[in-house]
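1. 3D model of this:
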Amino acid sequence: MKHRSLFLFVLFIFAAAFCCAAVPEYKAVPMEQLRPRDGIGNVLAKLDAGETVKIAYLGGSITAADGWRPKTMDWFKKNFPKAKIEEIHAAIGGTGSDLGVFRLHNDVLQYKPDLLFVEFAVNDGGAPPENIWKAMEGIVRQTWKDNPKTDIIFTYTISEALAADPRKGICCRSMSAMEQLADDYGIPSINFAVPVLALEKSGKLLFAGEKALDGVILFSNDSVHPLDAGHEIYLQTVADSIEAMKNSKPIHHKPKLDKVFIDGNWEAAKLVPITESMLQGEWKKLDGKNSLQLAFGSRLGQIWTSGTGSKLTFKFKGSQAKVYDLLGPDGGQVIITIDGKTDAKPVPRFDSYCTYHRLATLWIADGLDPNVVHTVSVEIHPDQPSRQSVAFRLKDPDKELKEPKYQGTNVWFGQLMLIGDLVD
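-> Sure thing, here's the model as predicted:
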């Protein structure tokens with residue numbers, strides 16, 4: 001009995017040490033324009049053979065813009081004329097990897113990409129490394145479980161807010177976190193900040209301003225979103241990087257999934273459609289002619305809308321739940337109850353950008369016991385939230401905030417975002 005107890009104690013100590021070792025240690029990573037790692041041999045082989053190739057772009061507004069994304073698509077078509085190259089546009093402004101991992105299947109994987117560019121360094125700039133690792137590893141593992149021959153490239157765009165460390169030759173926190181993960185999985189990375197800041201240092205580029213100077217490239221007006229000249233730098237960086245990886249060998253990525261980088265990564269993240277059985281009160285199912293359904297249905301799926309007093313209720317077994325929804329000028333606020341505990345304050349579906357409707361996520365809970373069935377209720381509050389946060393964007397806020405556009409307690413729900421499974 002004593003020997004058995006000693007064995008169990010040693011086993012416990014070993015398991016505890018293993019779990020601790022499984023938590024990565026964040027480290028700042030030196031800047032490099034390209035780290036080819038395992039390369040992109042699978043997609044290059046298909047391009048060289050003249051096959052149909054699908055290139056996906058998952059990212060934020062810098063990728064959604066008419067910039068480096070379409071420019072690189074044109075470059076691929078020009079340099080691989082025998083191949084039939086198709087684009088999968090999966091970039092949404094103002095979003096990070098924490099949404100990207102949930103929408104990956106709907107927006108990317110169902111279209112069977114051969115190459116996936118992932119661009120979230122700027123929008124993940126304020127996120128802790130642990131959250132970045134969980135979301136980005138979820139993106140990697142979902143992609144390779146779906147097709148282990150899909151090649152992935154992490155791309156790092158730059159903003160003034162993140163430029164302090166890169167100007168010293170060190171990746172900012174979000175880039176460094178992604179580099180650690182990329183190194184573990186052998187994923188190539190392209191850092192756009194390197195050529196941009198090199199030009200700035202030599203006096204040939206102004207990072208932000210209202211107009212260009214003679215002989216100097218004006219990179220952006222707002223310190224975040226590149227002008228066309230900035231996107232040209234991004235294009236050339238991608239082109240140079242693809243050329244540098246042209247000798248990459250095809251590789252099957254499945255063996256890389258045998259171990260994880262961080263425990264509790266969001267590989268299981270998924271979108272789940274909201275059904276009528278989850279809704280109580282007066283809900284309206286937007287039809288295909290509705291302007292919001294037309295604008296956002298490709299991302300949200302079927303949109304349901306309602307006002308005061310209505311509820312969304314569901315049960316799930318898992319660790320995290322959110323709702324993929326919209327914010328808008330006539331948005332309301334909601335009261336969230338989880339397992340019988342109600343939040344003290346309502347959550348507004350309105351913010352300082354709400355002169356228009358846009359995609360958002362309603363955060364419900366994280367860190368729940370994944371082995372327990374949780375009951376969630378989201379009820380629309382009878383009072384509309386204050387509209388003062390948007391006043392600075394209006395010419396005559398005292399008058400405009402009284403107009404019908406800014407009146408209402410409406411919500412627009414699309415799909416549930418779960419790490420776990422819905423329970424009927």
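
2. can we go C-alpha only for contacts and neighbour counts from here?
-> Fine.

3. my read is residue 140 is in a helix, agree?
-> Yes. Judged by DSSP: H, G, I helix; E, B strand; the rest coil, residue 140 forms part of a helix.

4. quick one: contacts for it?
-> residue 152 (Cα atoms under 8 Å, 6 or more residues apart in numbering).

5. Let me know how buried residue 265 is, in neighbour terms.
-> 21 (other Cα atoms under 10 Å).

6. And for it, nearest residue in space, chain neighbours not counted?
-> Closest residue in space to residue 265, ignoring its immediate chain neighbours: residue 134 at 4.0 Å, by Cα to Cα, 6 or more residues apart in numbering.

7. secondary structure class for residue 233?
-> Classification of residue 233 by three-state DSSP places it in helix.

8. Tell me the confidence at residue 16?
-> Turning to residue 16, the model gives it a pLDDT of 41.

9. Ramachandran angles for the nearest residue to residue 146 once chain neighbours are set aside?
-> Nearest non-adjacent residue to residue 146, counting by Cα to Cα, 6+ apart: residue 109, 7.2 Å away. Residue 109 has phi and psi values of phi -60, psi -30 when expressed as degrees, to the nearest 10.

10. Residue 288 too?
-> phi -70, psi -10.

11. that older thread, so the residue nearest to residue 265 sits in a strand?
-> No. Under three-state DSSP, residue 134 falls outside any strand and is assigned helix.

12. Please look at it and residue 266 and confirm they touch.
-> Yes. With contact defined as Cα atoms under 8 Å, residue 134 counts as touching residue 266 (5.3 Å).

13. hey, what's in contact with both of the two?
-> With contacts defined as Cα under 8 Å, 6+ apart, no residue is shared by residue 134 and residue 266.

14. More neighbours: which of the two?
-> Counted by other Cα under 10 Å, residue 134 and residue 266 do not tie: residue 266 has more neighbours, with 27 against 21.

15. hey, which strand is longest across this structure?
-> As assigned by DSSP state E, the longest strand anywhere in the chain is strand 311-327.

16. Now do that strand: distance to the chain's middle.
-> 18 Å (Cα atoms, centre = their mean, to the nearest Å).

17. What pairs with the helix or strand that comes right after that strand, parallel or antiparallel?
-> Once strand 311-327 ends, the next helix or strand along the chain (criterion: DSSP states H and E) is strand 333-338. Within its sheet, and counting by DSSP bridges, strand 333-338 is paired with strand 341-342 (antiparallel), strand 347-348 (antiparallel), strand 373-380 (antiparallel).

18. Nearest to residue 48, out of the ones you listed?
-> Closest to residue 48 of the strands paired with strand 333-338, according to Cα to Cα: strand 373-380, at 50.5 Å.

19. give me the number of residues near residue 369?
-> Count around residue 369 with other Cα under 10 Å applied: 12.

20. one step back: ok, the longest strand of the chain: who's next to it in the sheet?
-> strand 279-280 (antiparallel), strand 358-365 (antiparallel), strand 373-380 (antiparallel), strand 411-423 (antiparallel).

21. residue boundaries of the strands in the stretch 201-350 of the chain?
-> 205-208, 217-220, 269-273, 279-280, 283-285, 304-306, 311-327, 333-338, 341-342, 347-348 (DSSP state E, counting those that start in this stretch).
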